[in-house]
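Peer 1: One predicted model, sequence on top.
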Amino acid sequence: MKKIAILILGLLSLNLIAQDPQLFDNTWHLHSLVINGDTHIPPSNNEVTNVTANFYATNEFDSTVCDSLEGILNYVNSEFMFDVWGVTLGGCAQQVNTDFQQLYLDTFLVPSINDPFTYTIVDDGNGSKTLTVTNILGDDAIYGSQILSIPELTKDSFNVYPNPSSDKVFISTALDLTELVINVIDITGSKVFTIDGNKLKNSGINIRDLSNGMYFIILTDVDGNNTVKKLIKN
C-alpha cells in the first residue's frame, strides 16, 4: 500500500511539473477568438462584461460567457486534455452574447474537447502576459492577464483598408477627420500611438514598424464618443 501511495504521489508530482505555473497566476481574459482565420472580439455589455478562463493548481478549469464550461484537465508538457467536463445551462438574454457563446463554447471548445489543446504563454514586457490556446482544428483563443479595455462603441462606423496590411492603412468615414483623434492600441489595451485627424486627410496610418498581430483603431470625436475597428498587421 505504501508503494502504491508513493507511486500515485509521484505521478501527481510529474503532472504538476508538466504544468506551466503561470497558468494559475491569473484570471485570463479572452481578447479574441480566431475561427477558420476570422477574428471575433468578445462582447462587453451589461450582461457579459468580459469572458474569463481560470486554470487551477487542482487541475480544475472553468471558462464563462453567460454559461460556463467546467472540467478537470490532464496536462502533458504544453498540452492539456479534458478528463471530465460539463456545461452549465441557462443561456444569454442578449443575442450578441448568444452568438459569441456559440462560437466560443460550441465551436471552439466542445468539438475538440476529446483532443489535446496546446498553449503558449508570452510575457508582453509591460506587466501583462498573453495566453494562446489552440484546438485540434487550429483555431485560437487569445487571452490576456489584463482586461482588454476598449471604449464603448457609438452607432457611427468607419472602415479601415487594406486590412490586413503590412505597410499603411487608410480610414474611410462619414465623420469629419479634422475633428477626430485617432488612437491605435494593442491587444493588451496599451496605447501604441496617437494621430491627429488633420494629418489623415491626405495620408494613411503608417504601421510598417508595428509587430505583426492584432490592434484596434479608435476614433474619438470632439464630444468624446468612440468608434472602434480591429486592424491586423501582417
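Peer 2: All right, it came through fine.
Peer 1: following the helix-or-strand element of the chain with minimal mean pLDDT, which helix or strand comes up?
Peer 2: Ranked by mean pLDDT, DSSP states H and E, the helix or strand of the chain with the weakest confidence is helix 2-18, at a mean of 41. Per DSSP states H and E, the first helix or strand lying C-terminal to helix 2-18 is strand 28-35.
Peer 1: now that following strand, how far from the chain's geometric center?
Peer 2: Strand 28-35 has its C-alpha centroid displaced from the chain centroid by 2 Å (C-alpha atoms, centre = their mean, to the nearest Å).
Peer 1: Kindly report the same for stretch 94-102.
Peer 2: Centre-to-centre, stretch 94-102 and its host chain are 16 Å apart (C-alpha atoms, centre = their mean).
Peer 1: One more: stretch 57-68?
Peer 2: On C-alpha atoms, centre = their mean, the centre of stretch 57-68 falls 16 Å from that of its chain.
Peer 1: quick one: contacts for the residue positioned nearest the centre of the chain?
Peer 2: The chain has His31 as the residue nearest its centroid, 2.1 Å off, counting by C-alpha atoms, centre = their mean. Applying C-beta atoms under 8 Å, 6 or more residues apart in numbering to His31 gives the contacts 41-42, 130, 142-144, 148, 187-188. For glycine as for every other residue, the C-beta is placed from the backbone atoms N, C-alpha and C.
Peer 1: one more time with 6 Å
Peer 2: His31 makes contact with 142, 144, 148, 187 under the criterion C-beta atoms under 6 Å, 6 or more residues apart in numbering.
Peer 1: Same check on Val222?
Peer 2: By C-beta under 6 Å, 6+ apart, the neighbours of Val222 are Glu179.
Peer 1: quick revisit: please report how far the residue nearest to the centre of the chain lies from Ile207.
Peer 2: From His31 across to Ile207, the span is 19 Å (C-beta to C-beta, to the nearest Å).
Peer 1: Buried residues, stretch 29-46. List them.
Peer 2: 29-35, 40-44 (16 or more other C-beta atoms under 10 Å).
Peer 1: now the end-to-end length of it.
Peer 2: End-to-end distance of stretch 29-46 (C-alpha to C-alpha, to the nearest Å): 16 Å.
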